[in-house]
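1. Kindly generate the corresponding structure for this input.
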Amino acid sequence: MTENKNTHNLPDTTIDAKKAFDIDVDLKVPAYTEPDEYVPIIDKNYYFDKDTTLSILAGFKHNRRVLIQGYHGTGKSTHIEQIAARLNWRCVRVNLDSHISRIDLIGRDAIVLQEEKQVTTFKEGILPWAIQSPTALVFDEYDAGRPDVMFVIQRILESDGKLTLLDQSKVITPHKSFRLFATTNTVGLGDTSGIYHGTQQINHGQMDRWNIVSSLNYLDEEIEVKIVILQINLDTSNVLNQDEIYKMVRLANLSRNSFKNGDLSTVMSPRTVITWAENALIFKDIMYAFKVTFLNKCDETERSTLSEYYQRCFGKEFPKEWLSFIYEKDSNNNETEI
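-> Residues are numbered from 1 along each chain as shown. Got it, this is the predicted structure:
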C-alpha cells in the first residue's frame with residue numbers, strides 16, 4: 001500500500017477575526033491570499049453569530065471536526081461558506097440525502113476510451129478528491145445520511161484519519177489543510193419532534209468523534225431587520241419602509257415558533273424574508289408578494305394559521321379564495337364554509 005502525502009498549497013497569510021467577522025475576539029486565523037474557483041462568493045452584508053463563528057474558526061485554525069446543529073433556515077451551511085469565503089479557503093458542500101451512496105463518495109470503476117481501446121479505470125468520488133486538497137468539505141443534512149455513508153465518513157473524523165481505498169489498495173493521507181464540517185437539524189437522536197422525517201439516529205461512537213458541536217438559532221429581530229434592509233433598496237420604494245420590514249420579520253418569527261411546535265410544516269428562513277421583500281418591490285404589493293413567496297408553498301390546511309398571523313402583523317385579511325380548503329363556491333357563486 002502507498003500513502004499520498006499532500007502538504008503543498010498551505011495557508012500563506014492570516015486575518016484578524018475581529019475585523020473580518022465583526023465579533024469581539026482577539027484571534028488570528030490562517031488564510032489564503034488568492035481565491036480559486038472553489039472559494040465561495042463573499043456576501044458583504046452577512047451577519048456572523050459569535051458562538052457559531054468561533055466554533056467554525058476553531059475548525060479552520062486547529063483542524064477540529066465541527067458539527068453545526070439548528071433548525072432549517074438558520075444559516076448553518078451559509079455560515080461555513082461565508083467564513084471560508086473570507087479566508088479564501090476552498091469549500092465544497094455535499095447534501096447527504098438518501099440517494100447519496102458509498103460509491104458516490106468513494107468512487108467507482110468506469111469504462112473510458114484510451115488509444116481507441118476501452119479500458120476500465122477507477123474514477124475518484126468527491127471524498128478522495130477533497131481529502132487530498134486544501135478543501136473544507138461540508139456534509140449537509142448529516143443526520144439524513146445512509147448507514148453505509150456514515151461508516152465511510154467515520155474513517156476520516158479523526159484529525160489525522162486516513163482514507164483506505166480497499167479496491168485500489170491505497171491509503172490516502174489527508175492534506176494538511178483539509179477540513180471537515182457537517183450540518184444537522186437534530187443532535188443525533190433522530191426525529192424526536194416529528195418535524196424532520198427521514199433523519200437517522202447517529203451512533204454515539206460517531207457523535208463522540210466530532211470535536212466541536214455548536215447550535216445555531218434564528219436571528220434576533222433587530223438584526224434580521226437590518227439584514228433585510230441592507231439586501232434591498234428602500235430609498236426608491238413607496239411600498240416598503242422600515243416599519244413594514246419589522247412586520248415581515250415578526251410574521252416570520254410567528255411562523256418559526258409554529259414550525260418548532262409542529263403546527264407548520266414549512267418555515268420562513270431569513271432568506272425567505274429577503275425574497276418576500278424583493279418580490280414586494282417587484283409586484284408593489286406586500287400581501288401578493290407573501291402569497292407567491294411563501295403561502296403557495298404551504299399545505300392548504302396551514303393557510304388559515306398564516307392568515308391569522310398576517311392579520312395580526314399587518315391588520316389585513318387574506319382574500320377568502322386564497323384559503324381554498326375552507327371555502328368553496330356554490331352554484332350561486334356564494335361562498336360556503338366547509
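2. Give the buried residues for stretch 57-66.
-> Buried positions in stretch 57-66, judged by neighbour count with 16 or more other CB atoms under 10 Å: 57, 58, 59, 60, 61, 63, 64, 65, 66. Where you see a C-beta, it was placed from the backbone N, CA and C, and this is true even at glycine.
3. which element follows the helix or strand containing the first one toward the C-terminus?
-> Using DSSP states H and E, residue 57 sits in helix 50-62. Using DSSP H and E, the helix or strand that follows helix 50-62 in sequence is strand 66-70.
4. now the angle between helix 50-62 and that following strand, please.
-> If you take axes from the mean of the first three to the mean of the last three CA atoms, to 10 degrees, strand 66-70 sits at 160 degrees to helix 50-62.
5. Just the C-alphas of strand 66-70, formatted as CSV.
-> Output of strand 66-70 as CSV, limited to C-alpha atoms (Å, rounded to 0.1, in the frame of the first residue of the first chain):
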residue,chain,number,x,y,z
VAL,A,66,-17.2,20.8,13.7
LEU,A,67,-20.9,19.9,13.7
ILE,A,68,-23.4,22.7,13.4
GLN,A,69,-26.9,21.9,14.7
GLY,A,70,-30.0,24.0,14.2
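6. What's the end-to-end length of stretch 112-131?
-> The first and last residues of stretch 112-131 sit 24 Å apart, counting by CA to CA, to the nearest Å.
7. Contacts made by it with the rest, please.
-> By CB atoms under 8 Å, 6 or more residues apart in numbering, the list of residues contacting stretch 112-131 from outside reads 92, 94, 103-111, 137, 152, 156, 163, 165, 167-168, 172, 174-175, 178.
8. Just the buried positions in stretch 147-155, please.
-> 149, 150, 152, 153.
9. I misspoke; the intended subject was stretch 285-293.
-> 286, 287, 288, 289, 290, 291, 293.
10. tell me how far it is from the chain's mean position?
-> Distance of stretch 285-293 from the chain centroid (CA atoms, centre = their mean, to the nearest Å) equals 25 Å.
11. what's the answer for stretch 33-42, then?
-> For stretch 33-42, the gap between its own C-alpha mean and the chain's C-alpha mean amounts to 18 Å (CA atoms, centre = their mean).
12. Report the buried residues of that stretch.
-> Buried residues in stretch 33-42 (16+ other CB under 10 Å): 35, 39, 40.
13. before we move on, back to that, outside of the helix holding residue 57, which residues touch it?
-> Contacts for helix 50-62 (CB under 8 Å, 6+ apart): 17, 21, 23-25, 27, 29-30, 64-66, 68, 76, 79-80, 83-84, 87, 89, 136, 179-181, 211-212, 214-216.
14. Among those residues, which lie within strands?
-> Of these, the ones assigned to strands by DSSP state E are 29, 30, 66, 68, 136, 179, 180, 181, 212, 214, 215, 216.
15. Tell me the spacing between the closest residue in space to the fourth one that isn't next to it in sequence and residue 155.
-> Think residue 68. Take residue 68 and drop its neighbours on the chain: the residue closest to it by CB to CB, 6 or more residues apart in numbering is residue 76, 4.4 Å away. Plainly put, residue 76 is 24 Å away from residue 155 if you go by CB to CB, to the nearest Å.
16. from the buried residues of stretch 33-42, which single one is nearest residue 254?
-> Distances from residue 254 to these, taken as CB to CB, are shortest for residue 40 (31.5 Å).
17. quick one, phi/psi of the closest one?
-> When quoted as degrees, to the nearest 10, the phi and psi of residue 40 stand at phi -60, psi 160.
18. can you tell me how far the most centrally placed residue in the chain sits from residue 318?
-> By CA atoms, centre = their mean, the mean C-alpha position of the chain lies nearest to residue 77, the distance being 3.3 Å. Computed as CB to CB, the residue 77 to residue 318 distance reads 33 Å.
19. swap in residue 146?
-> In terms of CB to CB, residue 146 sits 41 Å off from residue 318.
20. Check the burial of residue 17 by counting its neighbours.
-> 22 (other CB atoms under 10 Å).
21. Grab the nearest non-local neighbour of it.
-> Once flanking residues are discounted, residue 17 sits nearest to residue 27: 4.1 Å by CB to CB, 6+ apart.
22. Show me the shaky parts of the protein.
-> Low-confidence segments of the chain (pLDDT under 70): 1-7, 159, 187-201, 236-237, 324-338.
23. which residues in it form helices?
-> For the chain, the helices defined by DSSP state H occupy 17-21, 50-62, 76-87, 102-106, 126-131, 147-154, 204-207, 221-231, 242-260, 270-283, 286-293, 303-314.
24. Out of these, the one nearest residue 185 is which?
-> So among these, helix 76-87 is nearest, using CB to CB, at 8.8 Å.
25. So which elements touch the closest one?
-> helix 17-21, strand 28-31, helix 50-62, strand 66-70, strand 90-95, strand 135-140, strand 179-184 (3 or more CB pairs under 8 Å, 6 or more residues apart in numbering; DSSP states H and E).
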